[in-house]
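Enquirer: Fold the stuff below for me.
(one chain, ligands or ions: 2)
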Amino acid sequence: TWSTRPQRILRAVQQSATRGDPRSVVRAIDQFCRHKEWAMNVGDEKGCILDSVVSELNPSTVLELGTYCGYSTVRIASLLPPHAKLITLEFNPDFAAVARQVIAWAGLQGKVQLVEGASGDWIPKMKEQFGVKTFDLVFLDHWKDRYLPDTKLMEECGLLRKGSILLADNVICPGTPDYLEYVRNSPRYKSQYFKSHLEYTKAEDGLEKSVFLG
Ligand SMILES: CNc1ncnc2c1ncn2[C@@H]1O[C@H](/C=C/CNC(=O)c2cc(-c3ccc(F)cc3)cc(O)c2O)[C@@H](O)[C@H]1O
Ligand SMILES: [Mg+2]
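Expert: Ligands and ions are numbered 1, 2, ... in the order given. A predicted model of the protein is given here:
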């Protein structure tokens, strides 16, 4: 096959979605991944939970760990208030290149800063590089064994404030047991599980929403 799956997802967006219309970009990716090729986007069912958390919080500063093709980046950015900023980290240059084009097709490049690099390297530099004080919302959707170390790193770097929300994908499938144990047992978090399904399937999965208590 001449292309990669992310490139085929981008082509589906360019062929089926309307430029500047984020909802049509989300729909095009969901259609492609449900009917043509499965891909690890948060998907439409968990995506609605993501949308409700973002809309309720109305965050000014958002961090996303693991951009992949930019599906959740587009969902989140399309719901942000005018001056809000979303920083999304992606260390695979091919995925980052696709995500940039998906985000641009949705017309959201003004709200999104896609940073090519590893979360472990960039989290300690957020304040000095991007003038970020703290994040109102962090969406974790990168390597599952990195959720916990990166959460501890964000705490150590002072990037979380009383009331910051961590929203984690895949806490059941593939699963993030050490992270779940931490946020559910630490006195510094109030955690809540939103039961759903693995994107485009009937398997159980869910999002964990954890409020940092300071
Ligand atoms: C470690 N620091 C990092 N810094 C920056 N980017 C990072 C990154 N780790 C990973 N990434 C990037 O995030 C993305 C990785 C996501 C990992 N996600 C999954 O493995 C995943 C996997 C499944 C899945 C579920 C069931 C199954 F049978 C097969 C797969 C479902 C999901 O929703 C998933 O999110 C890639 O784009 C990768 O390049
Ligand atoms: Mg995921």
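Enquirer: Looking from ligand 1, tell me which residue of the protein is nearest.
Expert: G66 (2.9 Å; Cβ to the nearest ligand atom). Any C-beta I mention is one placed from the backbone N, CA and C, and that applies to glycine too.
Enquirer: Would you mind naming what in the chain lies close to ligand 2?
Expert: Contact residues, the chain versus ligand 2 (Cβ under 5 Å from the ion): D141, D169, N170.
Enquirer: repeat that for 8 Å
Expert: When proximity is defined as Cβ under 8 Å from the ion, the chain approaches ligand 2 at M40, N41, V42, K46, G66, D141, D169, N170, E199.
Enquirer: Which one (most neighbours) among those residues?
Expert: Among these, D169 has the most neighbours (other Cβ atoms under 10 Å), with 32 neighbours.
Enquirer: Check the gap between it and Y147 for me.
Expert: D169 sits 9 Å away from Y147, going by Cβ to Cβ, to the nearest Å.
Enquirer: Can you get me a residue count around the residue nearest to D44 when sequence neighbours are not counted?
Expert: Distances taken as Cβ to Cβ, 6 or more residues apart in numbering place D30 nearest to D44, at 4.8 Å, with adjacent residues excluded. D30: 18 surrounding residues under other Cβ under 10 Å.
Enquirer: residues in contact with D30?
Expert: N41, G43, D44, G47, Y200 (Cβ atoms under 8 Å, 6 or more residues apart in numbering).
Enquirer: For it, what is the enclosing helix or strand?
Expert: If you go by DSSP states H and E, D30 is part of helix 22-35.
Enquirer: quick check, V138 in a strand?
Expert: Yes: membership of V138 in a strand is supported by DSSP: H, G, I helix; E, B strand; the rest coil.
Enquirer: Please list all residues in contact with it.
Expert: Contacts of V138 (Cβ under 8 Å, 6+ apart): V62, L63, E64, L65, M154, L160, S164, I165, L166, L167.
Enquirer: quick one: pLDDT of it?
Expert: Looking at V138, its pLDDT reads 99.
Enquirer: Show me the beta-bridge partners of it.
Expert: Taking DSSP bridges as the rule, V138 bridges to L63, L166.
Enquirer: and for D169 and Y147, which residues touch both?
Expert: Residues touching both D169 and Y147 by Cβ under 8 Å, 6+ apart: L140.
Enquirer: can you give me phi and psi for S210?
Expert: phi -130, psi 120 (degrees, to the nearest 10).
Enquirer: Mind listing the residues bridging to it?
Expert: Beta-bridge partners of S210, as defined by DSSP bridges: L166, S191.
Enquirer: ok, it touching Y193?
Expert: No: if you go by Cβ atoms under 8 Å, S210 and Y193 don't touch, sitting 9.8 Å apart.
Enquirer: neighbour-wise, which of those two wins?
Expert: The neighbour comparison of S210 against Y193 (other Cβ under 10 Å) goes to S210, with 25 against 15.
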